[in-house]
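Trainee: everything below, folded, please.
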Amino acid sequence: MKLAIVTDSVSDISPKIAKELNITVVPLTVIFGTDQFLDGVELSNSEFFKKLETDPNHPSTSQPSPEAFVKTYEKLLKAGYEILSVHVSAKLSGTINSAEQAIKSLDTNKIKIIDTGSASMAQGLVAMNAARAAKNAKSLDELADITETTAKKTNVFVAMDTMEFLRRGGRIGKARAMLGSILNIKPIITTEDGEIVPHSRARTIKKAISSMINDMGDKDQITEVAVLHSTTPDLAQDVLTQINAQNLNNPGTITEIGPVVGTHAGPGCLAIAFTTK
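Mentor: Alright, predicted model coming up:
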C-alpha cells in the first residue's frame, strides 16, 4: 500500500521540506486588487512582503478550487496512492470544503481529510509527521488516527507587530479583545478549537519571545519545533538557539511565514510551532 500526504499552502511548509518528505502542497490564491497569484508558485515569500509594503491594495486570500484538488488527487490515485489530506482549520478557511467537494466528485473512499484545527507550521508539523508515519502505517485509517492524535498535541504562538492585518482580513475572531491594546504592545495569538484566540501580550519582541518559549512548557515533552519569521531570519535563528538551549532533543526547523499567513499576520511577525509527546 502506498500512502500520500496532501496539504495546502497555509501550512508554510517550505518547498525543500515538501520535496524531502514527498508532501504535495495545493496553493491558495493571494489577491492584490485585480492581480491574483498562486501562493508559493507565482508569488514567493520575499516578493509578497515587498508587495505588502508597496502595493496600495490590502491583500486577500482565496481557498483552492475543488478542481485544483481534483487534479491533485487524480494524479496520486492514478499512481496507486491512497491519500491523507491535511488542512488548515475549517473555521479559518474554506479549503476543506473545496477538498470535500473534490472527493465527492471523484466518488472514492481512498482519500481522508484531517482538519488540523490550526494553521501555519502547526498545520505543517502535523503534515510532516503524517508524511513520516506514512512509511510504516498499515492503512489509511491507521495513518488518519495517528495524524489526528498529532494534531491535538500541536500548537502555535504568533507574536505580531500589530493586529491590524488580522482585523482587515476578517480572521480576528476572539482576538478582537486585544484590538484596544496600548500602542507598541506585541500581541501574541494562538489557535483554540480551530479559531484564532488571544494568548498574551508583551511590551517588546524580546519579551514576547521569552513569553512564548516559557509557555511551550516542559521542553522534555516536545518532539518537534519550528520557528517562523516574515523577514527576520537572524532573529528566528536566535529564538531556535534559545529553545535548543533548554534541552530540546529535536534540532528544530526555521522556515518563512508565507503569503497567506502573512496577509493576516502582517510583516514583522514571528511564530513558534511545536508538537508534544
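
Trainee: gap between Ser46 and Thr95?
Mentor: Applying Cβ to Cβ, to the nearest Å, the value for Ser46 to Thr95 is 24 Å. C-beta: built from backbone N, CA, C; applies to glycine.

Trainee: of those two, which one has the most company?
Mentor: Neighbours were counted for Ser46 and for Thr95 using other Cβ atoms under 10 Å; Thr95 has more, 28 against 11.

Trainee: which residue sits closest to that one, ignoring its sequence neighbours?
Mentor: Spatial nearest neighbour of Thr95, excluding adjacent residues (Cβ to Cβ, 6 or more residues apart in numbering): Gln63 at 4.3 Å.

Trainee: Gln242 now?
Mentor: Leaving aside its sequence neighbours, Gln242 sits nearest to Ile213 (Cβ to Cβ, 6+ apart; 6.0 Å).

Trainee: the one you found and Leu240: what is the separation?
Mentor: Per Cβ to Cβ, Ile213 is found 10 Å from Leu240.

Trainee: picking up where we left off before, tell me the buried residues in the helix or strand where the residue nearest to Gln242 lies?
Mentor: Taking DSSP states H and E as the definition, Ile213 sits inside helix 205-215. Residues of helix 205-215 classed as buried: Ile205, Ala208, Ile209, Ser211, Met212, Ile213 (neighbour count, 16 or more other Cβ atoms under 10 Å).

Trainee: quick one: residues contacting the most centrally placed residue in the chain.
Mentor: What sits nearest the mean C-alpha location of the chain, by Cα atoms, centre = their mean, is Ser120, with 1.5 Å. By Cβ atoms under 8 Å, 6 or more residues apart in numbering, the contact list for Ser120 reads Val10, Ser11, Asp12, Val156, Val158, Leu228, Ile257, Val261, Ala271, Ala273.

Trainee: same question for Val86.
Mentor: Val86 makes contact with Ile5, Val6, Thr7, Ser11, Ile114, Thr116, Gln123, Val126, Ala127, Ala130, Thr147, according to Cβ under 8 Å, 6+ apart.

Trainee: for it, give the beta-bridge partners.
Mentor: In this structure, Val86 bridges to Thr7, Ile114 when assessed by DSSP bridges.

Trainee: one step back: wouldn't the residue nearest to Thr95 be in contact with Gly94 here?
Mentor: Yes - using Cβ atoms under 8 Å, Gln63 is in contact with Gly94, at 4.3 Å.

Trainee: the two: which is more packed in?
Mentor: Counted by other Cβ under 10 Å, Gln63 and Gly94 do not tie: Gln63 has more neighbours, with 22 against 14.

Trainee: burial check on Glu142, number of neighbours?
Mentor: Glu142 has 14 neighbours, counted by other Cβ under 10 Å.

Trainee: how close does it sit to Glu82?
Mentor: Remark: distance between Glu142 and Glu82 (Cβ to Cβ) = 11 Å.

Trainee: follow-up on the earlier one: of the contacts of Ser120, the lowest pLDDT goes to which?
Mentor: Sorting the contacts of Ser120 by confidence puts Val261 at the bottom, with a pLDDT of 88.

Trainee: that one: how many residues sit nearby?
Mentor: 29.

Trainee: do the same with Ile5
Mentor: 28.

Trainee: for the stretch 51-200 of the chain, what spans make up the strands?
Mentor: Under the criterion DSSP state E, counting those that start in this stretch, the stretch 51-200 of the chain carries strands at the ranges 60-62, 81-87, 111-115, 154-159, 186-192, 195-202.

Trainee: what kind of secondary structure is the spatially closest residue to Val158 that is not a sequence neighbour in?
Mentor: Take Val158 and drop its neighbours on the chain: the residue closest to it by Cβ to Cβ, 6+ apart is Ala271, 4.3 Å away. Counting by DSSP: H, G, I helix; E, B strand; the rest coil, the backbone at Ala271 sits in strand.
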